[in-house]
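> Provided below for reference: sequence and predicted model.
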Amino acid sequence: MPKHARHGPSRFEHVKGAIEINPHGYGFLSPEQGGEDIFIPAPKLGSALPGDTVLARLKPGRPRSGHREGSVVKILERKLRDLVGFFNGVYLVPRDERISVWFYVPPSKTLKAVAGDLVRAVITSYPSASGQAEAEIAEVLGKELTVQLESRIILRQYGFPEEFSGPVEQELGSIPETVSKEDARDRVDLSHVPFVTIDPVDAKDFDDAVCVNKFEWGYRLWVAIADVSHYVRHGAQIDLQAFQRATSVYFPDRAIPMLPAPISSGVASLRPGEDRLAMVAELDFDPAAKSQRSKFYPALIRSRFRMNYHEVQSIYDKSDPDLAARYEPVLLMLDEAAELVRALNENRRHRGAIDLDLPEAHIELDEKGEPKDIFAYPRFFSHRLVEELMLQANQAVAEFLSRKKFAFPFRIHEPPAPDKIQELNLFLSGLGFPLLAKDKGPHQVRPKDFQRLMQRAEKTTLSELISYLALRAMMQAKYSVENKGHFGLALSHYCHFTSPIRRYPDLMVHRILKQALGVAGEGYESAPAGLSEACEHCSERERAASNAERGMAKVYQAKLMAGRLGEEFTGTISGLSGDGIFVELSRPMAEGLVPGSSLPGYDYNPRLHTAFTRSPRMELHLGDRVLVEVEAVELERHTINFRLIGLLESAFKQPAASIFPRPKKEHRPAAREKPRKRKPMR
């Protein structure tokens, strides 16, 4: 056996995938076939731009960091078509810090832009070894960076059109405002069932309604989902443009919907007191909440109330008699729903599902649209109630379509890579919280191992650190025509069915479910592309929407903290890198960087998840509580710099260097040093 074969891939192994580029120049390739990301050093990126599909050659063996490394050998597909940046009179300088290339603008293609203008441009020539990159200006955006302009820029950067193009308006003319008798024909009439919708206070589109009844034999759950596929026909312009978006995007001041408002917040939305078309999952459970039977059908429903999470929680807390009086007709139903959900949650715990209850930031705006506060959105039992009922419907549909042998988009969450589990287990064992039993290898990890880990660490000072490290070891959930199960939920079959107004995969599942049920009179092609290609596209659009939402949150964070210069705040170390220490404030929830250059003798060790300073001599770890001062804010780049005042509380009770041997310092990033924050896995 050749020497290199013992240590990693062969010298000639190539991998295809999408490239992500860090503002510091290096990149990560996400393999098309799944598995861990591949680190691409800056000199090995070639002319790749963010989002490009590339072919990379893997470097034989593994560096000391344990992560695979490669180099781009061919650009297979360009993702970027246009970009936003400042025109300097000759070149377009992209605002996206991940793009280091300047694009030459021919004098005849400037659209009368002058130096200093912020512009949108279309790429006409990509960077290569044989020629320079070129672009032509398509729109002059102005000079002042308002929140509204930032919003438009971010949407364009991630490929989300704000408006629907011409042909859609014509098609909307044939969309009714109300449900006709013809539309309601051949549907199960559930208008007598006391459905309610439960959503955020500011929700505009209501795509799910629920009802629970308790019987001697157990519980019956109805989950009614807006029948979007009745109005959005395959191949129509509305469908094609919805597929292009693949998801709605939610900013603090507005939503950018996947579907036009006459559908998303109009005739398809399950508004109270109005007849609506729905696809219903009718699910029966025994008294212990074990599934007994499932049934699916098109129906006509009439929601009783449009409720929000705060109201439902107040009813459960018995804190508002007036509210209870207003919703008196559904109080018994809500109590029976709570009984069922508590039993389902207990079953989920026994199954081993991982519950990562991550705080979600809420950005509060004043009457002028300026950020007033950013705080952790309260998480109630009412949130868990809706999530659990939606999960049951999603699981039941996935199991039904699988039994019927239909191809459809699964929602999958693959097990973590064994090498990441081995690295995590080694570190956690040093802290006294091993992930795996001594007789288990990293390839044998199960969801229950993570669940037990979280339970052991729950009431310790290391809880936040351990949750963060566990999350970083996880794969990202995605859509796939191949069922690989859902690791986080500990389920063998799962899909997305419950949000067709805001997620295209759900709309695909509705169309396929109708085909499986033999519903007459509708076309069943699930998506404009092949199913596998549609899954890849929807997964990519989901990531892009998350990036856009994070990008907009940074705009508001920077604007808020620009008015707090010199103020002191407590926060938690949320990330470590060679550049410095990332700190997330407790309130307002804003994240900034303590530059390593401001800390004498700064040294970051990725294996220890620890930074060291010389004067004063300190260890700084993920999860440590610190006191910082807001030192500088750069509004154009949406960055916040802090000055470290002191360490308040360490996540470690003994020095990290005493627990782990310190390896030699490495000069390349060993992983995503500041990884993306992910939403809870669903």
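Looks like it arrived, so ask away.

> Tell me how far residue 351 lies from residue 398.
To residue 398, residue 351 is 15 Å away according to Cβ to Cβ, to the nearest Å. Quick note: C-beta positions are derived from backbone N, CA and C, even for glycine.

> Kindly report the same for residue 413.
According to Cβ to Cβ, residue 413 and residue 398 sit 13 Å apart.

> What of residue 238?
For residue 238 relative to residue 398 (Cβ to Cβ), the value is 26 Å.

> cool, and residue 272?
29 Å.

> ok, now residue 131?
49 Å.

> and if you look at residue 449?
Distance from residue 449 to residue 398, counting by Cβ to Cβ: 24 Å.

> still on that earlier bit, compare residue 272 and residue 398 (neighbour count), which wins?
Per other Cβ atoms under 10 Å, whichever of residue 272 and residue 398 has more neighbours is residue 398, with 24 against 16.

> was I right about the more buried one contacting residue 498?
No - counting by Cβ atoms under 8 Å, residue 398 does not reach residue 498; the two are 11.7 Å apart.

> mind checking the SS state of residue 558?
State at residue 558, reduced to three classes by DSSP: H, G, I helix; E, B strand; the rest coil: helix.

> Contacts only, for it.
633-635, 638-640 (Cβ atoms under 8 Å, 6 or more residues apart in numbering).

> can you do 7 Å?
By Cβ atoms under 7 Å, 6 or more residues apart in numbering, the contact set of residue 558 is 633, 635, 638-640.

> likewise residue 412?
Contact analysis of residue 412 by Cβ under 7 Å, 6+ apart lists 477-478, 480, 483-486.

> try 8 Å this time
Contact analysis of residue 412 by Cβ under 8 Å, 6+ apart lists 477-480, 482-486, 494.

> could those go into CSV alongside neighbour count and secondary structure?
Shown next, in CSV, are the contacts of residue 412 (neighbours: other Cβ atoms under 10 Å; DSSP: H, G, I helix; E, B strand; the rest coil):
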residue, neighbour count, secondary structure
477, 23, coil
478, 21, strand
479, 27, strand
480, 18, strand
482, 10, coil
483, 16, coil
484, 15, coil
485, 17, coil
486, 26, strand
494, 23, coil
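
> Direction included, what does the strand or helix carrying residue 225 pair up with?
Taking DSSP states H and E as the definition, one finds residue 225 inside strand 218-226. Sheet pairing of strand 218-226 (DSSP bridges) gives strand 208-215 (antiparallel), strand 275-285 (antiparallel).

> so residue 299 makes contact with residue 276?
No - counting by Cβ under 8 Å, residue 299 sits too far from residue 276 to count as a contact (9.3 Å).

> out of those two, which sits in the more crowded spot?
A count of neighbours by other Cβ under 10 Å puts residue 276 above the other of residue 299 and residue 276, at 26 against 22.

> Once you drop chain neighbours, what's closest to the more buried one?
Spatial nearest neighbour of residue 276, excluding adjacent residues (Cβ to Cβ, 6 or more residues apart in numbering): residue 270 at 5.1 Å.

> Dihedrals phi and psi, the one you found?
phi -80, psi 70 (degrees, to the nearest 10).

> where do the strands sit along the stretch 251-400 of the chain?
Remark: strands assigned in the stretch 251-400 of the chain by DSSP state E, counting those that start in this stretch are 254-256, 275-285, 291-302, 305-308, 361-365, 371-376.

> Any idea which of those strands gets closest to residue 335?
Closest approach to residue 335 among the strands of the stretch 251-400 of the chain is made by strand 305-308 (14.2 Å; Cβ to Cβ).

> now the strands: where do they sit in the stretch 551-682 of the chain?
Using DSSP E, counting those that start in this stretch, strands in the stretch 551-682 of the chain cover 568-577, 580-585, 591-595, 603-605, 610-613, 618-621, 625-634, 639-649.

> any idea of the mean pLDDT in the last one?
What that stands for is strand 639-649. In this model, strand 639-649 has an average pLDDT of 93.

> same check, this time on the shortest one
The pLDDT scores in strand 603-605 average 88.

> And residue 254, how far from residue 102?
33 Å.

> quick one, which of these two is more surrounded?
residue 102 (17 against 13).

> The more buried one is in contact with residue 134, isn't it?
No - using Cβ under 8 Å, residue 102 is not in contact with residue 134; the gap is 10.3 Å.

> Quick check: chain neighbours aside, which residue is closest to residue 526?
Residue 526's closest residue in space is residue 508 (Cβ to Cβ, 6+ apart), at 4.1 Å.

> Let's verify the one you found: helix, strand, or coil?
Three-state assignment for residue 508 (three-state DSSP): helix.

> Contacts only, for it.
Contacts of residue 508 (Cβ under 8 Å, 6+ apart): 408-409, 526-527, 531, 534.

> Filter those down to the ones in helices?
If you go by DSSP state H, those have 531, 534 in helices.

> can you redo the contacts of residue 508 as CSV with pLDDT, distance to residue 196 and neighbour count?
Formatted as CSV, those follow (pLDDT from 0 to 100; distance: Cβ to Cβ, whole Å; neighbours: other Cβ atoms under 10 Å):
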residue, pLDDT, distance to residue 196, neighbour count
408, 95, 29, 25
409, 96, 28, 26
526, 71, 30, 24
527, 69, 32, 23
531, 91, 34, 17
534, 93, 33, 21
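
> Kindly indicate which of the contacts of residue 508 lies nearest residue 227.
Once Cβ to Cβ is applied, the member of these that ends up nearest residue 227 is residue 526, at 15.3 Å.

> The closest one and residue 78, how far apart?
27 Å.

> ok, now residue 648?
For residue 648, the distance to residue 78 - Cβ to Cβ - is 48 Å.

> what about the two, which has more around it?
A count of neighbours by other Cβ under 10 Å puts residue 78 above the other of residue 648 and residue 78, at 15 against 12.
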